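Undergrad: this is a predicted model, with the sequence first.
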2 protein chains.
Amino acid sequence: MSSQPNHPTLLIPGPIEFDDAVLHSMSHYSESHVGAPFVATFGETLSMLRKLFQTTDPSSQPFVISGSGTLGWDLVAANLAEPGDDVLVLHTGYFADSFADCFETYGAKATQLKAPIGSRPQLPEIEKALKEKKYKLLTVTHVDTSTGVLSELKALSELVHRVSPETLVIVDGVCSVGCEEIEFDKWQLDGVITASQKAIGCPAGLSISMFSGRAVKTFQARKTPPGSYFASFKNWLPIMQNYEAKKASYFATPSPQLIHALHTSLTQILSKPLAERFATHKATSQKIKKAVTDLGLKQLASDPADQANGMTAIYLPETVKAPELLPNLLKKGVIFAGGLHKEIAAKYIRFGHMGVSVTDSKRDDIDRAIQALQNGLSEAGYQKA
Amino acid sequence: MSSQPNHPTLLIPGPIEFDDAVLHSMSHYSESHVGAPFVATFGETLSMLRKLFQTTDPSSQPFVISGSGTLGWDLVAANLAEPGDDVLVLHTGYFADSFADCFETYGAKATQLKAPIGSRPQLPEIEKALKEKKYKLLTVTHVDTSTGVLSELKALSELVHRVSPETLVIVDGVCSVGCEEIEFDKWQLDGVITASQKAIGCPAGLSISMFSGRAVKTFQARKTPPGSYFASFKNWLPIMQNYEAKKASYFATPSPQLIHALHTSLTQILSKPLAERFATHKATSQKIKKAVTDLGLKQLASDPADQANGMTAIYLPETVKAPELLPNLLKKGVIFAGGLHKEIAAKYIRFGHMGVSVTDSKRDDIDRAIQALQNGLSEAGYQKA
Ligand SMILES: Cc1ncc(COP(=O)(O)O)c(C=O)c1O
Ligand SMILES: Cc1ncc(COP(=O)(O)O)c(C=O)c1O
């Protein structure tokens, strides 16, 4: 199945389990970051990202920068917002608070539109908010990793384009890119930021993003210089364009080893139709959610239409405590994550189901995890009411 | 010698050749960034950095963040300087211009003290500058990778502490940590920022730094919030302290694979006395510099006291062009770097000699490189005058 030594299966909402070939590409011998072989590898990687995001518009711009998902927030806040700009942050949990904090760091004014835990702001409220004030950007967490809530991007973007056409539509896709359908061009998105370690299936260490030509123009029209140095479009834009054109240039040293791993994971992902990948994630997610319901448990995301396909956030029975259940699951060879939403962190657990654990039919990770959960709960004295 | 496939030997001033064991540690199976095994690995890595920087003062604070050397500038400029603060940047080449640019991004006023190419600002000038204005920080590039100039830190820091004791002494050690002597405590340094891919011998992708208790206090006494989100001490300080105390916590996902590689490279480095490591780098550097002189060639750093021990920047003979010589050296299996200092980039090449190419006695990288340089020059028609 895997040449990796026996180890507990990592089923948290990122980092995820990695394919052997991806891990091994990181042992690539050292290359110059400006030498022709690596420049070609990096250039191909950037071009493959266009396919992953389903964009053929040549004005779209991919970025891959050493960092993590969080750095994507800095990219947005330091380059697309200017001090004093208003930004509307749709809040579905933990990550919107942090993104708002990031905007404030760079001087933008973040207004949060909050929904009850397990839900998401509804289109009519969003429409109302957009009509009340002129927002430079709207941000949405595609999958909120703290609640397992999935936001609907297509209708949202249509709404924004209709009601407030100058507002840029920015997606936090850290927990969605690679497992949820995203049609960058068709849905008229302006920015999707993500990270390597989740559904893309490449070890942590990379901030990965795609911005529209309109977003790049917004950057170019800034009246003030970008608010960050390391996360500056001014510094990175020419570098990304050069790598993709297979020309050497330098701002800060990229990681050849991580880029090789990303090249391998993207090659694997793109070797099959993306629609198939998303359908597989959806089918596996349905199976998990059915098992959870059969166990008599509830999810944070109560409406099935709001449920993510790459993770499930599950309320624990009142009598079962996460600090006892999770170590018992670990003994059974499965790692789940605890709760993250501040208000209810102790009351739920999170099961990540992205990448090879889902798509590699030679793996039995998901079945073992469901089994472990069933046994773990019954060993904790839980019986379905 | 190495289980890596046959490949041209990378002898640029970073990235460098990597040891097999370091590369293989990156294939580690996936772990949770907040699980006990990885928390222990990261914690040990941070503690080992204290040894590498030769600091035993418990108030010193190591940071390891996904990024690169450049991110270290943001750490300094966004956390230790406040908008309007004056900063004195000692200029020995390319990297001081960028560091100054980074300070300006975050609103600090950078004054550059420049030296002729191949030299460094002298102590009396620095003393004069420090007496003229109150500087919050002074920065020095320990080894300027664009010129091969080594700065003397001990006497510099003594001067700053004598003349302007409130000024923080900040070292850009991207091209020196791991190959040049640095005594963080004894020399009373306040910050040394570096990257993984040079003399530390770990693949690119990590910003690595050490700050003094005094620097942390300066941060804590800020009147304005830090200027960066991803590079904020506010966000990272508790995380680094928790990891080192073997406690799980989260701000942004670190890279378990890269941290494993760093853990391996630091373990290797610390398995021998540091003084021996520095002496080996010095001896090899002397041998290379003698070979260069024997060839009748000059270095950018004309004064032997100013010559770095991990790289050599070599003026080409007038008749030899880098765009012809470097590809010929590649054919001979050796990769050198071209010039980087804007004013004279075409006139010189750079030979990096750090890490396993120098310390692993089973490797013949350096001898082959010297031989290739001799042959390449003679094939280009050059004869010593
Ligand atoms: C939705 C979302 N946004 C942003 C982040 C931050 O990414 P990282 O931890 O890679 O910095 C995460 C991480 O889990 C996330 O799930
Ligand atoms: C002296 C010096 N400072 C800073 C940097 C920037 O580091 P990085 O390229 O890893 O971002 C370099 C890179 O070569 C360097 O040599």
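TA: Nice, thanks for sending it over. Ligands and ions are numbered 1, 2, ... in the order given.

Undergrad: could you confirm residue A:367 falls within a helix?
TA: Yes - counting by DSSP: H, G, I helix; E, B strand; the rest coil, residue A:367 is located in a helix.

Undergrad: and the helix or strand hosting residue A:313, is it in reach of chain B?
TA: Here residue A:313, judged by DSSP states H and E, is contained in strand A:311-315. No - for a cut-off given as CB under 8 Å from any CB of the partner chain, strand A:311-315 has no contacts with chain B; the smallest distance is 14.0 Å. Every C-beta, even on glycine, is put in place using the N, C-alpha and C of the backbone.

Undergrad: quick one, strands of chain A?
TA: Ranges of strands within chain A are A:9-10, A:61-66, A:86-91, A:109-114, A:137-141, A:143-144, A:149-150, A:168-172, A:191-195, A:206-211, A:311-315, A:334-335, A:337-338, A:348-352, based on DSSP state E.

Undergrad: deepest-packed of the ones you listed, please.
TA: Among the strands of chain A, ranked by average contacts under mean count of other CB atoms under 10 Å in any protein chain shown, first place goes to strand A:143-144 (a mean of 32).

Undergrad: quick one: average pLDDT of it?
TA: What strand A:143-144 shows for mean pLDDT is 98.

Undergrad: list the strands paired with that strand, with their directions.
TA: Strand pairing for strand A:143-144, using DSSP bridges, gives strand A:149-150 (antiparallel).

Undergrad: now for residue A:131, how many residues are close by?
TA: 10 (other CB atoms under 10 Å in any protein chain shown).

Undergrad: with residue A:102 instead?
TA: With other CB under 10 Å as criterion, residue A:102 counts 28.

Undergrad: what sits against it?
TA: Residue A:102 is in contact with A:70, A:73-74, A:76-77, B:229, counting by CB atoms under 8 Å, 6 or more residues apart in numbering or on different chains.

Undergrad: now chain A, which segments are flagged as low pLDDT?
TA: Applying pLDDT under 70 to chain A flags residues A:1-2.

Undergrad: most residues in a single helix of it, which one?
TA: helix A:274-294 (DSSP state H).

Undergrad: coming back round to it: out of the strands of chain A, which is closest to ligand 1?
TA: Between ligand 1 and those, the tightest spacing by CB to the nearest ligand atom is seen for strand A:191-195, at 3.8 Å.

Undergrad: what angle do strand B:61-66 and the closest one make with each other?
TA: Going by axes from the mean of the first three to the mean of the last three CA atoms, to 10 degrees, strand A:191-195 is angled at 120 degrees with respect to strand B:61-66.

Undergrad: which helices and strands does strand A:191-195 pack with?
TA: If you count contacts as 3 or more CB pairs under 8 Å, 6 or more residues apart in numbering or on different chains; DSSP states H and E, strand A:191-195 packs onto helix A:69-79, strand A:168-172, strand A:206-211.

Undergrad: the contacts of residue A:102: which ones sit near ligand 1?
TA: Counting by CB under 6 Å from any ligand atom, residue A:70 from the contacts of residue A:102 sit close to ligand 1.

Undergrad: any idea how far the residue most central in space within chain A is from residue A:162?
TA: Geometric centre of chain A, nearest residue: residue A:174, 1.5 Å, by CA atoms, centre = their mean. Computed as CB to CB, to the nearest Å, the residue A:174 to residue A:162 distance reads 27 Å.

Undergrad: can you give me the end-to-end span of stretch A:115-129?
TA: Terminal residues of stretch A:115-129 are spaced 13 Å apart (CA to CA, to the nearest Å).

Undergrad: is any residue of that stretch near ligand 1?
TA: No - using CB under 6 Å from any ligand atom, stretch A:115-129 never reaches ligand 1; the gap is at least 13.0 Å.

Undergrad: okay, the contacts of residue A:102 in TSV with neighbour count and distance to residue A:235 next?
TA: Formatted as TSV, the contacts of residue A:102 follow (neighbours: other CB atoms under 10 Å in any protein chain shown; distance: CB to CB, whole Å):
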residue	neighbour count	distance to residue A:235
A:70	22	18
A:73	28	17
A:74	29	12
A:76	28	16
A:77	31	16
B:229	29	17
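
Undergrad: burial measure for the residue lying closest to residue A:16 once chain neighbours are set aside, as a count.
TA: Setting aside the residues directly before and after it, residue A:16 is nearest to residue A:355 in space (CB to CB, 6 or more residues apart in numbering or on different chains), at 4.6 Å. The number of residues packed near residue A:355 is 31, by other CB under 10 Å.

Undergrad: hang on, residue A:355 packs against residue A:196?
TA: No - assessed by CB atoms under 8 Å, residue A:355 is found out of contact with residue A:196, at 11.1 Å.

Undergrad: if you count contacts, what does the strand holding residue A:313 end up packed against?
TA: Contacts defined by 3+ CB pairs under 8 Å, 6+ apart place strand A:311-315 against helix A:274-294, strand A:348-352.

Undergrad: adjacent strands (with direction) for the last one?
TA: Strand pairing for strand A:348-352, using DSSP bridges, gives strand A:311-315 (antiparallel), strand A:337-338 (antiparallel).

Undergrad: with just CA atoms, put that strand into PDB.
TA: C-alpha atoms of strand A:348-352 as PDB (Å, rounded to 0.1, in the frame of the first residue of the first chain):
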ATOM      1  CA  TYR A 348     -16.800  18.300  19.200                       C
ATOM      2  CA  ILE A 349     -14.200  16.600  17.100                       C
ATOM      3  CA  ARG A 350     -13.100  17.000  13.500                       C
ATOM      4  CA  PHE A 351     -12.500  14.200  11.000                       C
ATOM      5  CA  GLY A 352     -10.500  15.200   7.900                       C
END
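
Undergrad: what's in contact with that strand?
TA: Applying CB under 8 Å, 6+ apart, the set of residues contacting strand A:348-352 is A:10-14, A:16, A:145, A:148, A:198, A:288, A:300, A:310-316, A:322, A:325-326, A:336-341, A:369, A:373.
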